[in-house]
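S.K.: Just to be clear, the model below is a prediction. Sequence and coordinates:
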Amino acid sequence: MKKILNQLKNLVNIAKLKKPPNTLKRNMYAVTQGTYKGEFLVYINQNNDNMYFLSLPDNTVRKVPKNKFHSAEKENIIEFIEKIPSDVYEICIAQYNKSKTKEDLNRFK
């Protein structure tokens with residue numbers, strides 16, 4: 001019985017310590033509070049100031065300032081979910097590019 005309890009305790013501790021890997025590529029986050037609550041953010045790329053995500057399920061491009069992203073992580077507004085499989089990530093990148101192109105075209109109308 002003690003062995004089973006220890007194993008359960010270890011599983012709970014592992015779940016609490018689940019942190020994103022050092023590289024952001026293929027990371028998926030859940031938004032748990034605020035305006036975008038309920039969205040999943042798939043990391044796509046970044047520049048000096050901003051990070052770019054594909055927001056699911058609506059396939060929307062989200063530009064997030066780096067400082068806001070890091071403070072949202074610390075305040076548990078967003079939570080790391082998982083590193084998605086490579087084939088799924090490729091589909092997300094294609095959808096991001098499609099959505100970004102649409103967004104750019106609409107801006108010029």
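M.R.: Nice, thanks for sending it over. Residues are numbered from 1 along each chain as shown.
S.K.: what's the burial count for K66?
M.R.: By other CB atoms under 10 Å, 13 other residues sit near K66. All C-beta spots, glycine's among them, are computed from the backbone N, C-alpha and C.
S.K.: what does Y96 give?
M.R.: Neighbours around Y96, by other CB under 10 Å: 21.
S.K.: residues touching it, list them.
M.R.: Neighbouring residues of Y96 by CB atoms under 8 Å, 6 or more residues apart in numbering: 42, 44, 52, 54, 61.
S.K.: What are the contacting residues of the helix or strand hosting the first one?
M.R.: Taking DSSP states H and E as the definition, one finds V42 inside strand 40-46. By CB under 8 Å, 6+ apart, the list of residues contacting strand 40-46 from outside reads 24-31, 51-57, 62, 64, 66, 78, 81, 84, 89, 92-93, 96.
S.K.: And those residues, which of them are buried?
M.R.: Neighbour-count burial within the contacts of strand 40-46 applies to 24, 26-31, 51-55, 62, 64, 78, 84, 89, 92, 96; the criterion is 16 or more other CB atoms under 10 Å.
S.K.: Just to be sure, which of the residues you listed are found in helices?
M.R.: Among the buried ones among the contacts of strand 40-46, the residues falling in helices (DSSP state H) are 89, 92, 96.
S.K.: Can you name the residues bridging to the closest residue to G38 other than its chain neighbours?
M.R.: Leaving out its chain neighbours, the residue that sits closest to G38 by CB to CB, 6 or more residues apart in numbering is V31, at 6.7 Å. Judged by DSSP bridges, the bridge partners of V31 are I78.
S.K.: Great, nothing more from me.
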